[in-house]
Structure formats: C-alpha cells, structure tokens
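In: okay, structure incoming, though there's no sequence with it:
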C-alpha cells in the first residue's frame with residue numbers, strides 16, 4: 001500500500017523488548033529513490049539521540065495504532081553506531097552500521113528485500129572505506145525527507161510549486177511519488193510526480209526539474225490527499241502523462257537520472 005511520509009512521522013517504534021522512540025524522518029537514496037533508513041528519535045530513553053533503523057529490521061506494522069515493530073533489542077540499538085544529525089551520513093558510517101547488524105551492503109549488490117547474507121567483497125570494501133575515513137569525503141547519495149520537503153519543482157517552462165510530501169510503498173520501501181503543492185499557480189491543487197519523471201535534481205539550489213510542461217501539469221489529474229492512492233488513480237495518472245507505470249515489466253536499459 002502507498003502511504004504519505006508525513007502521516008508516518010511520529011509513529012512509535014517498538015523493539016522486541018520495549019519502545020525505543022518515534023519515527024522522525026527517512027533517509028532515501030537519491031539515485032534509486034529507495035528508503036534506506038528510518039530515523040528514530042529516542043526521546044527520554046537515550047536523551048533524544050537519533051538512531052538509524054534499516055527497513056530490513058521491520059517485523060510488523062500496526063497502522064491503526066501507529067506503531068512499527070522491529071526485530072531488534074533495545075541493547076542492540078543502544079550500542080549501534082551513533083549518527084550526527086547535523087552532518088551527512090557518510091559511507092564509512094553506513095559500512096560500520098550495516099556490518100554491526102550483519103546486513104548486506106546495498107551498494108555492492110542486490111538490495112532490500114533480498115537475502116541478508118553479507119557478500120565477501122562488500123566486507124572488504126567496508127574495511128577499505130574505514131581505512132580512508134577522515135582522508136576524503138564519502139558521499140552516500142543519502143537525502144532526508146525532511147530536508148527535501150520544500151524543494152521547488154521546475155517544469156520545462158517554469159516553476160510549478162514545491163515538494164509537500166513523499167508517498168512510499170510500504171512493501172518495497174520505495175518512494176513512488178512526490179506530492180507537489182501548486183498553490184502559487186493553482187490555489188488548492190496538488191499533483192503527484194513520479195521520481196521516474198524527474199530529469200535532474202539540483203541539491204545545491206534545492207530544485208527538482210521534471211520532464212513535463214506547466215500546461216501538462218495544469219490539465220493533469222489533481223491529487224486529493226484525504227485518502228489513499230488507489231491503483232485506479234495511478235492508472236489515470238500514468239495514462240495521462242503517457243508514462244509506463246512502475247509495476248509494469250522493465251524492458252531495455254535503465255535511463256540514468258542526472259544530478260546537479
């Protein structure tokens with residue numbers, strides 16, 4: 001099912017032996033647009049320390065009671081590598097984190113939700129990365145949903161609005177759509193944009209460039225965020241823009257997205 005990130009923020013996160021805090025935001029991969037980590041605020045338990053939880057650890061979701069259960073203990077989480085909320089998550093930090101939990105290094109092979117066996121070459125890469133720590137930056141292409149909220153959306157002929165929310169798939173933990181608020185052009189209208197329709201992102205200018213015109217978007221299906229994203233609406237959206245849906249079989253080489 002597709003869910004709004006803002007409605008997941010604040011969900012209680014429960015370990016095997018008790019609650020550890022609340023969901024604060026997500027880190028996603030800016031190349032694949034896959035959720036890599038949940039960021040959990042531990043509140044009174046660890047004095048508000050932020051910790052990372054991989055989707056691999058998710059065990060059960062209680063959507064009505066707004067709680068996510070993880071297959072970890074409080075001790076495991078307490079002893080996990082710390083995260084500095086004021087700095088980017090480095091590849092060295094990721095390597096230490098994933099090795100601590102025995103998870104696969106997703107940049108070295110197939111990622112979630114495949115088998116959890118750690119590949120030998122990934123372990124070697126992690127050791128090499130730790131050896132280079134402090135000598136050079138290691139950009140992991142991780143971005144936080146909190147930081148990207150508010151980015152301006154630029155069509156091929158003008159600005160159309162800003163990122164208001166993200167809609168994720170709670171089975172694959174991929175970002176399926178960016179919810180765009182177009183109030184400055186068309187008061188009250190919101191639209192959904194697939195990451196596959198993005199030409200490039202300028203992280204320095206906080207802008208997302210989409211492969212469509214202002215007129216396309218103005219005449220396209222609007223989005224009412226009071227309910228869930230239905231498959232019927234998704235069909236209508238993709239048919240209007242003449243784009244292949246993400247659930248269709250992929251054929252031919254993948255198109256790489258430019259990042260500026």
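Out: Now that the structure is in, tell me what you want to look at. The shown structure was predicted, so the numbers you read here are calculated from the model rather than taken from an experiment.

In: point out where the stretch 51-200 of the chain drops to low pLDDT.
Out: 108-140 (pLDDT under 70).

In: helices of that one, residue ranges please.
Out: Assigned by DSSP state H, counting those that start in this stretch, the helices in the stretch 51-200 of the chain fall at 74-78, 91-101, 120-132, 145-148.

In: and the contacts of the shortest one?
Out: Taking Cβ atoms under 8 Å, 6 or more residues apart in numbering as the criterion, the residues outside helix 145-148 that touch it are 5, 24-28, 163, 166. (Each C-beta comes from the backbone N, C-alpha and C, glycine too.)

In: what comes up buried for that helix?
Out: 145, 148 (16 or more other Cβ atoms under 10 Å).

In: ok, the second one next?
Out: Neighbour-count burial for helix 91-101, with 16+ other Cβ under 10 Å as criterion, is recorded at 91-99, 101.

In: other SSEs contacting it?
Out: Applying 3 or more Cβ pairs under 8 Å, 6 or more residues apart in numbering; DSSP states H and E, we find helix 91-101 packed against helix 120-132.

In: out of the contacts of helix 145-148, the closest to residue 209 would be?
Out: Closest approach between the contacts of helix 145-148 and residue 209, by Cβ to Cβ: residue 163, at 12.6 Å.

In: which residue is the nearest non-sequential neighbour of the closest one?
Out: residue 151 (4.6 Å; Cβ to Cβ, 6 or more residues apart in numbering).

In: next up, the contacts around the one you found.
Out: Neighbouring residues of residue 151 by Cβ under 8 Å, 6+ apart: 162-163, 201, 206-208.
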